[in-house]
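J.: How does the following fold in three dimensions:
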Amino acid sequence: MPVNGFTIGRDVTVDIVSKKKGILRFPIRTGFSRKQDVVELKSKGLDGIIRHGTIPDGWSGSFDFDRSSSELDDYIAQEEADYYAGRNSDEISFTETITEANGSITQYRYTGVAMKYTDAGNLAGDSKVTQKVDWMASKRQKIA
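T.: Numbers count the residues shown, from 1 in each chain. Prediction:
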């Protein structure tokens, strides 16, 4: 439901897909950020001209959650236990679906994803617990 032609957060859904567990439903996702990572090239020729270029180098970003269950904590704990037991880490991908202002749907798939628990949350008095997961992906491809 775009507002006055603008994409708003409610127009975007992101499915976190685990090879081991299917779609991960971590509760109360409050934010999703993403950015393209690049290798920056700079060359200054003998002719005095500075030339620039960029090479795609994956994507990165974060998820923000308000904690309402142990699902995210349990997932991270299992990944850590698997590591120490010598088992392979989970293969993760994301599917980002955007409802455009004209009603059409755009989808992107992020593959080769690695996630880390950046902030498990601050526990204080009458405050909600906010959690953060940072991620990196090998690439993003448009699928629809």
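
J.: any idea how far the residue lying closest to Lys19 once chain neighbours are set aside lies from Gln36?
T.: Leaving aside its chain neighbours, Lys19 sits nearest to Glu91 (3.9 Å; criterion: CB to CB, 6 or more residues apart in numbering). (C-beta placed from N, C-alpha, C; glycine too.) Relative to Gln36, Glu91 is positioned 22 Å away (CB to CB, to the nearest Å).

J.: do the same with Val113
T.: 15 Å.

J.: what's the answer for Arg109, then?
T.: Here Arg109 is placed at a distance of 15 Å from Gln36 (CB to CB).

J.: What of Phe94?
T.: To Gln36, Phe94 is 14 Å away according to CB to CB.

J.: Who has more neighbours out of those two?
T.: Remark: of Phe94 and Gln36, Phe94 carries more neighbours, 23 against 13, as counted by other CB atoms under 10 Å.

J.: so that one makes contact with Val113?
T.: Yes - taking contacts as CB atoms under 8 Å, Phe94 lies within contact range of Val113: 6.2 Å.
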